[in-house]
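Peer 1: what's the 3D shape of this:
(one chain, ligands or ions: 2)
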Amino acid sequence: MYNSNPTLDQKDKTILHDRQGEVMTTDKGAAVPFDKSFYIESYGCQMNFSDSEIVASILGQSGYGPTRNMEVADLILINTCSIREKAEDTVRRRLTEFNKVKKQKPGTLIGVLGCMAERLKDKLLDQEKLVDLVVGPDAYRDLPNLLKSATDGERGLNVLLSREETYADISPMRLDNNGVTAFISIMRGCDNMCSFCVVPFTRGRERSRNAFTIVSEATDLYTQGYREVTLLGQNVDSYKWENPETKEVVSFAKLLVLVAEVHPNLRVRFSTSHPKDITDEVLYAIRDYENICNYIHLPIQSGNSRILKLMNRTYDRDWYMDKVSRIYEIIPDCAVTSDIITGFCSETEEEHVDTLTMIKWAKYSMSYMFFYSERPGTLAARKYPDDIPLEVKKRRLAEVIEVQKEISTEHNQKDIGNTYKVLIEGTSKRSDDDYKGRNTHNKMVIFPVVDSYKQGDYVYVKIDRSNSATLFGTIVAHEESIPTSKS
Ligand code: 5AD
Ligand code: SF4
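Peer 2: Ligands and ions are numbered 1, 2, ... in the order given. Next up is the predicted model:
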């Protein structure tokens, strides 16, 4: 994954946590001691990181506690991503490493979770013999049974996709967290069928989670000291949940407001938005609620209408531009970010240039940028030849990265002199003398520690310098010059 803002890059991030010996309380109030341990690594999208926390919770109920040390673990899990070939290659390399550990400690179980489990099914288990367990994204409740089967030397495989599963009632065990920011999964699957994308095949049909459980998870998090939640889904704007008793339908805009009303000090973010589904009501909610961040991740994928049609994105360049204009009209102070794919099937140089001009026009503060990677089984793999040579895809990607870097640098330069409300997430990676946190635009801000403020506090930071990825500043006493579109 190429990302103009490395601070947001989830690539290769692993979730590791050490809580062996701790006691966890079940939903029914009974205490379950951890007598076994699991080690988990997560790859890919935020949804996978969120799913790993559901898995951790399910395993906790069966007496498995998390460990950071794979050498002592009874169970080694990898939550996988299939979105690009490179992601799958990384997972295979890790599985080889895990098998070396298993050789030293026979009896250790190795399991593959997530999208690769769904895509490759029994192949990893039977042909490649790399793992003991293969569990798809909708089958995590079955993990305790599958573990029993695998321990008894039977096949531990469940890759059934569901039309209903949302894990609504499962309270995620927060892994490797800062105690300040958390993800809340609000829906699963995707019905969009973008032609390049494997997600509809690996994560199944779209379904929305019960709104009450989302609001209560946000409320619990606030009570525990969390100050920011990110509502997650492959396409959050198509969230739609009907209350079975009242028949009232909760739209995404309504859900945003419900979560924002949990507490004014609980910041709300969301990802990902599909341009075709984001509504004015969502934009008004952002405008009207100070705690809903002025930040929209609105992937364009390509700036050219013919390519967008081949991608089955259901909008064209002009339509997308109208949507971005509408965002800036309703929320003038909004940061918009994007996902971009270069070298999609049959893309010409002129069509590629349309993507470069779009980055400049839309003024993305940041983008996630990739070259096209054909995924077996997708619409594109079946219909269009993957005919752009790798070096051309990579050269176009380098050009896209270059333009985005310029635009991000400009975007961040404009922030110099402004004061932003920043939520302190912890000390910076580079120095314990600096705090890090994000502003409403989801930009990382670094500023010297002031002892009277701690992790989880909001502070006002005046920006005095910036680069393409980060803002730097100092804490000031109050809201001096926050550019605001909110009343
Ligand atoms: N090749 C390259 N990038 C892809 N993405 C999805 N599928 C592919 C693929 N086959 C990118 C899209 C999507 C992001 C999560 O990953 O830009 O928005
Ligand atoms: Fe994939 Fe498109 Fe669904 Fe995103 S909206 S997960 S790119 S099919």
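Peer 1: and residue 322, how many neighbours?
Peer 2: Burial measure for residue 322: 12 neighbouring residues, criterion other Cβ atoms under 10 Å. C-beta here means a position set from N, CA and C on the backbone, and glycine is covered the same way.
Peer 1: if we ignore the residues flanking it in sequence, what's nearest residue 150?
Peer 2: When the adjacent residues along the chain are set aside, residue 150 lies closest to residue 156, with 3.6 Å between them (Cβ to Cβ, 6 or more residues apart in numbering).
Peer 1: got a list of what the one you found touches?
Peer 2: By Cβ atoms under 8 Å, 6 or more residues apart in numbering, residue 156 lies in contact with 109, 111, 125, 132, 133, 134, 135, 146, 147, 149, 150.
Peer 1: roughly how far does the first one sit from residue 405?
Peer 2: Spelled out, it's residue 109. 44 Å (Cβ to Cβ, to the nearest Å).
Peer 1: how about residue 147?
Peer 2: Taking Cβ to Cβ as the measure, residue 147 falls 46 Å from residue 405.
Peer 1: of the two, which one has the most company?
Peer 2: residue 147 (23 against 18).
Peer 1: residue 464 belongs to a strand, doesn't it?
Peer 2: Yes - judged by DSSP: H, G, I helix; E, B strand; the rest coil, residue 464 forms part of a strand.
Peer 1: which one is it nearest to, not counting chain neighbours?
Peer 2: residue 473 (5.3 Å).
Peer 1: one more: residue 65?
Peer 2: Leaving aside its chain neighbours, residue 65 sits nearest to residue 34 (2.8 Å; criterion: Cβ to Cβ, 6+ apart).
Peer 1: surely residue 204 meets residue 137?
Peer 2: Yes - taking contacts as Cβ atoms under 8 Å, residue 204 lies within contact range of residue 137: 7.5 Å.
Peer 1: shared neighbours, the two?
Peer 2: Applying Cβ under 8 Å, 6+ apart, one finds that residue 204 and residue 137 are jointly contacted by 161, 188.
Peer 1: of those two, which one has the most company?
Peer 2: Here residue 204 and residue 137 are compared on neighbour count by other Cβ under 10 Å; more neighbours surround residue 137, at 27 against 21.
Peer 1: residue 208 versus that one, what's the distance?
Peer 2: In this structure, residue 137 and residue 208 are 16 Å apart, going by Cβ to Cβ.
Peer 1: swap in residue 48?
Peer 2: 19 Å.
Peer 1: tell me which of those two has more neighbours.
Peer 2: Relative neighbour count places residue 208 above the other of residue 48 and residue 208, with 23 against 20, counting by other Cβ under 10 Å.
Peer 1: check contacts around that one.
Peer 2: By Cβ under 8 Å, 6+ apart, the neighbours of residue 208 are 166, 186, 187, 239, 240, 241.
Peer 1: skipping its backbone neighbours, what lies nearest the fourth one in space?
Peer 2: Closest residue to residue 239 in three dimensions, ignoring its sequence neighbours and counting by Cβ to Cβ, 6+ apart: residue 252, at 4.0 Å.
Peer 1: correct me if wrong: that neighbour contacts residue 258.
Peer 2: No - because the distance of 10.5 Å does not satisfy Cβ under 8 Å, residue 252 is recorded as not touching residue 258.
Peer 1: could you pull out the helices in the chain for me?
Peer 2: Ranges of helices in the chain, per DSSP state H, are 46-61, 85-104, 115-120, 143-151, 199-203, 211-223, 252-260, 280-288, 305-310, 317-330, 349-362, 379-383, 390-413.
Peer 1: just want the residue of this structure that's nearest ligand 1.
Peer 2: For the chain and ligand 1, the shortest gap (Cβ to the nearest ligand atom) falls at residue 339, measuring 3.3 Å.
Peer 1: list the contacts for the nearest residue to that residue once chain neighbours are set aside?
Peer 2: What sits nearest to residue 339 in space, not counting adjacent residues and going by Cβ to Cβ, 6+ apart, is residue 299, at 3.5 Å. With contacts defined as Cβ under 8 Å, 6+ apart, residue 299 is in contact with 272, 273, 274, 275, 338, 339, 340, 368.
Peer 1: can we see that at 7 Å?
Peer 2: 272, 338, 339 (Cβ atoms under 7 Å, 6 or more residues apart in numbering).
Peer 1: dihedrals phi and psi, it?
Peer 2: Here the main-chain torsion angles of residue 299 (degrees, to the nearest 10) amount to phi -60, psi 130.
Peer 1: residue 88 versus that one, what's the distance?
Peer 2: If you measure residue 299 against residue 88 using Cβ to Cβ, the figure is 21 Å.
Peer 1: next one: the residue of the chain positioned farthest from its centre from residue 36, what distance?
Peer 2: In the chain, the greatest distance from the average C-alpha position (Cα atoms, centre = their mean) is reached by residue 152, at 35.5 Å. The span separating residue 152 from residue 36 equals 15 Å under the rule Cβ to Cβ.
Peer 1: ditto for residue 234
Peer 2: 33 Å.
Peer 1: likewise residue 287?
Peer 2: The value you get for residue 287 to residue 36, if Cβ to Cβ is used, is 50 Å.
Peer 1: quick one, which of these two is more surrounded?
Peer 2: Ranked by neighbour count (other Cβ under 10 Å), residue 287 and residue 36 place residue 287 first, with 19 against 16.
Peer 1: with adjacent residues omitted, what lies nearest to that one?
Peer 2: Nearest-residue entry for residue 287: residue 331, 5.2 Å, with adjacent residues in sequence omitted and distances by Cβ to Cβ, 6+ apart.
Peer 1: tell me the mean pLDDT for stretch 294-313?
Peer 2: Stretch 294-313 shows an average pLDDT of 98 in the prediction.
Peer 1: go on, stretch 346-357?
Peer 2: Stretch 346-357 shows a mean pLDDT of 98.
Peer 1: buried residues of it, list them for me.
Peer 2: Going by neighbour count (16 or more other Cβ atoms under 10 Å), the buried part of stretch 346-357 is 347, 351, 352, 354, 355, 356.
Peer 1: can you check stretch 129-149 too?
Peer 2: Using 16+ other Cβ under 10 Å as the test for burial, stretch 129-149 gives 130-143, 146-147, 149.
Peer 1: for residue 417, grab the count of nearby residues.
Peer 2: Around residue 417 there are 12 other residues, counting by other Cβ under 10 Å.
Peer 1: list the contacts for it?
Peer 2: For residue 417, the contacting residues are residue 463, by Cβ under 7 Å, 6+ apart.
Peer 1: for the remainder of this discussion, apply numbering that starts at 631.
Peer 2: Shifting the count to begin at 631 puts that one at residue 1047.
Peer 1: next one: stretch 893-909 to chain centre, how far?
Peer 2: 13 Å (Cα atoms, centre = their mean, to the nearest Å).
Peer 1: do it and ligand 2 meet?
Peer 2: Yes - using Cβ under 6 Å from any ligand atom, stretch 893-909 reaches ligand 2 at residue 904.
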